[in-house]
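Student: Sharing a model that was predicted from the sequence below.
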Amino acid sequence: MFQRKIGKQIAILAVLIIFWASVQAMVGLGIINPYYELNLILIGINIILAVSLNLINGFNGQFSLGHAGFMAVGAYGAAIITLKTQLPFGLALLFGALLAGIFGILVGLPTLRLRGDYLAIATLGFGEIIRGVIVNIDYIGGAYGLSGIPKLTNWTLVFWLTVLTVIVIANFVNSTHGRATISIRENEIAAEAMGINTTKYKVMAFSIGSLFAGLAGGLHAHYFYTIQPGTFNFLKSFDILVMVVLGGQGSITGSIIAAVGLTILSAALQKLAALRLVIYALLLVIVMLFRPQGLMGTKEFSLKMFRRKTKDKEGKQHGTAIGQ
Amino acid sequence: MEEFIQQLINGISLGSIYALIALGYTMVYGIVKLINFAHGDIYMVGAYLGFFAIAILGWPFLPSLLMAMAVCAVLGVVIEKLAYKPLRNAPRIAALITAIGVSLFLEYSMMLLVKPEVRSFPQVLSDVQYNLFGSLVISSRQVIILVVTIALMLLLQYIVHKTMIGKAMRAVSHDKQAAQLMGISVDNTISFTFAIGSSLAAAAGVLVGIYYNAINPLMGIMPGLKAFVAAVLGGIGIIPGAMAGGFLLGIVEAMVSGYGKSLYRDPVAFIILIIILIVKPAGLFGKNVREKV
């Protein structure tokens, strides 16, 4: 059993390396033009955002609407290190991510006492407060934002950091702490009765999610030269939310599929920004009305799904994916 | 001191807009426990309807206001029937996500329909500045906003407390099942609540168009969120609470921007929200309800 697992992991790693290397080669040979490369990088950043929000919304069942705020913290944190000091890019990214994680703890501690829609609106409020404060600090450019950030993000970095994010969050979810986190989604009161420190695990999941949002923010800032507070408004949070909801709240592979699909869709509809959001909105409503568990529900994508289609007719209804 | 009273006047006119929107939030939340994110966008649709009637059809103020209110009432009911009713027994978060979807849908289909640029509202009411006690200024538009708001609030109080349908609304928000057993049509009552809330938001939209002279398809987002803050501030589900919360928030905002910190206007509203949620989640007018397992 153990050996089979190792073999599977080596196979996945091999596929990842082949994928990374072939894209890298095609970029080098000019088969993938800069426009496609941009979208590949956006897909990576969006996967990091969606998977990290899924940890909070899907696995922990704490509905957050402020993810873009933490992305902003990470973006500004990393950009300031690069622009104002001579430290290497890796440290800048790390600083941005850690700063976002610390903000996650600071925001999480008071707000995670709230439940359901109150929590949603409080996190939305915090996201807007973070943005509002950034607008008011002249040191970091105020409403005009920061520009002239060196372009240090590249395909290799985004790809492996996306892989790292997925591995860390998947391992967290499958660890003891992750089980505790999921139990809070299933029933907070029962979890507490079982001796789980719900506040601790809620804040933990929230700050880990925020940390990776910060990482995505840092990558974003170092790809687009410039960041503005307006980029991280709550429409951005909604964008990430749509990915999580569509993919299935509580399914990492679902989030990845949705992030890839929706990034391609929005690239295709780039000229029609308003139409893109109309489609997003309809997707959101239709998914909620007809398939509230999303594409994958709480299940993960695996090749076994195709093999045993007929066998597990029972237990298919994972309608509780959304929590309270 | 004069500056303070001047900002108080501006705050009350801004606050009456928030109060009108907050009423819809609070009534809908009271009856179906849903944060109707699309409410701010109904206010936007109301503003556009008012614009259409006044600028293109050339109607006077009052018929335009009534038309916008009536159309938005229908719109509110349609949204409720199509998007929210199928989810009435689903988890609350599912309904919340749907509401976000409806909100985005209204914003961006409006943007496709009328183009994203800002429209300037025609001058339908003459704007006279009255001087009170020397340097204090109050404009006739501010007076009209306040008069319309108070009239609508009195009408709402009358409907909720003196009519059969109002009694049904109160009963359904108190206990849905028991109300149903008493022969009240819960579906119709919920639809009626959406209709009233939406028409109040539409009235706010038309008033804002007249007051600020400019409307755009995304104008509903911020006032919608702030009206929600106002509803929470007063105690969500409580009608007088929404009125008081709206006025209070308007005054605080006017003070913040009046004393030179206009960039802090938006964060301040959300800071108030967080403080209220943490310190007194039931709101200023609310009673603490103990959660049962």
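Tutor: All right, it came through fine. Remember, predicted model here, so these are calculated numbers, not experimental data.

Student: first vs last residue of stretch A:132-152, how far apart are they?
Tutor: Distance between the boundary residues of stretch A:132-152 (Cα to Cα, to the nearest Å) amounts to 27 Å.

Student: Just the pLDDT for residue 262.
Tutor: Unless you meant another one, I'm taking chain A. As predicted, A:Leu262 sits at a pLDDT of 90.

Student: let's do chain B instead
Tutor: 69.

Student: now do B:Leu112
Tutor: Among the per-residue scores, B:Leu112 shows a pLDDT of 88.

Student: same thing with A:Lys313?
Tutor: According to the per-residue confidence, A:Lys313 scores 46 in pLDDT.

Student: and what of the one 10 residues further on?
Tutor: At A:Gly323, the model reports a pLDDT of 41.

Student: again with B:Ser16
Tutor: At B:Ser16, the model reports a pLDDT of 92.

Student: Which positions in the helix or strand harbouring it come out as buried?
Tutor: Secondary-structure assignment from DSSP states H and E places B:Ser16 in helix B:2-32. Applying a neighbour-count criterion of 16 or more other Cβ atoms under 10 Å in any protein chain shown, one finds B:6-32 buried in helix B:2-32. C-beta: built from backbone N, CA, C; applies to glycine.

Student: again, but for stretch A:295-304
Tutor: Within stretch A:295-304, the residues that count as buried by 16+ other Cβ under 10 Å are A:295-301.

Student: before we move on, what about stretch B:61-77?
Tutor: Buried positions in stretch B:61-77, judged by neighbour count with 16+ other Cβ under 10 Å: B:61, B:64-69, B:71-73, B:75-77.

Student: any low-confidence regions in the chain?
Tutor: Just so you know, I chose chain A. Counting by pLDDT under 70, the ranges of chain A that qualify are A:1-4, A:304-324.

Student: wrong one, chain B
Tutor: B:124, B:134, B:262, B:287-293.

Student: That one: strands as residue ranges?
Tutor: Listed from the start of the chain, chain B has strands (DSSP state E) covering B:119-120, B:129-132, B:136-139, B:214-215.

Student: just these: most buried one?
Tutor: Ranked by mean neighbour count under mean count of other Cβ atoms under 10 Å in any protein chain shown, the strands of chain B are led by strand B:214-215, which reaches a mean of 18.

Student: which strands and helices sit next to that one?
Tutor: Judged by 3 or more Cβ pairs under 8 Å, 6 or more residues apart in numbering or on different chains; DSSP states H and E, strand B:214-215 is in contact with helix B:39-51, strand B:119-120, helix B:186-212.

Student: could the strands of chain B go into CSV alongside distance to B:Val147?
Tutor: Output for the strands of chain B, formatted as CSV (distance: least, Cβ to Cβ, whole Å):
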stretch, distance to B:Val147
strand B:119-120, 24
strand B:129-132, 14
strand B:136-139, 12
strand B:214-215, 21
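
Student: quick one: which of the ones you listed is nearest B:Met169?
Tutor: Checking those against B:Met169 by Cβ to Cβ gives strand B:214-215 as the closest, at 30.7 Å.

Student: Could you list the contact residues of the stretch 101-250 of chain B toward chain A?
Tutor: B:101-105, B:107-109, B:111-112, B:116, B:225, B:228-229, B:232 (Cβ under 8 Å from any Cβ of the partner chain).

Student: A:Ile184 and A:Leu112 touch, don't they?
Tutor: No - taking Cβ atoms under 8 Å as the definition, A:Ile184 is not a contact partner of A:Leu112, at 9.9 Å.

Student: Can you check which residues contact both of these two?
Tutor: Here A:Ile184 and A:Leu112 have A:62, A:202 as joint contacts, going by Cβ atoms under 8 Å, 6 or more residues apart in numbering or on different chains.

Student: Now do the same contact list for A:Val27.
Tutor: With contacts defined as Cβ under 8 Å, 6+ apart, the neighbours of A:Val27 are A:37, A:155.

Student: in which helix or strand would I find it?
Tutor: Secondary-structure element containing A:Val27, defined by DSSP H and E: helix A:2-29.

Student: Any buried residues in that helix, and which?
Tutor: For helix A:2-29, the neighbour count (16+ other Cβ under 10 Å) marks A:23, A:27 as buried.

Student: how far does it sit from the chain's center?
Tutor: For helix A:2-29, the distance between its averaged C-alpha position and the chain's averaged C-alpha position is 22 Å (Cα atoms, centre = their mean, to the nearest Å).

Student: which helices and strands sit right next to the helix or strand following that helix?
Tutor: From helix A:2-29 onward toward the C-terminus, using DSSP H and E, the following helix or strand is helix A:34-54. Identification of packing neighbours for helix A:34-54 by 3+ Cβ pairs under 8 Å, 6+ apart yields helix A:67-84, helix A:155-173, helix A:198-221, helix A:234-247, helix A:252-268.

Student: The same query, at a cut-off of 10 Å, please.
Tutor: The helices and strands touching helix A:34-54, judged by 3 or more Cβ pairs under 10 Å, 6 or more residues apart in numbering or on different chains; DSSP states H and E, are helix A:2-29, helix A:67-84, helix A:155-173, helix A:198-221, helix A:234-247, helix A:252-268.

Student: Out of the strands of chain B, which is closest to B:Ala204?
Tutor: Among those, the nearest to B:Ala204 by Cβ to Cβ is strand B:214-215 (12.0 Å).

Student: What strands flank the closest one, and is each parallel or antiparallel?
Tutor: The sheet places strand B:214-215 alongside strand B:119-120 (antiparallel), with pairing taken from DSSP bridges.

Student: now the helices: where do they sit in the stretch 101-250 of chain B?
Tutor: Listed in chain order, the helices of the stretch 101-250 of chain B (DSSP state H, counting those that start in this stretch) span B:140-162, B:164-174, B:176-181, B:186-212, B:221-234, B:239-258.

Student: could you list every residue that touches the nearest residue in space to B:Val128 that is not next to it in sequence?
Tutor: Of all residues not flanking B:Val128 in the chain, B:Ser140 sits nearest, at 4.3 Å (Cβ to Cβ, 6 or more residues apart in numbering or on different chains). B:Ser140 makes contact with B:125-130 under the criterion Cβ atoms under 10 Å, 6 or more residues apart in numbering or on different chains.
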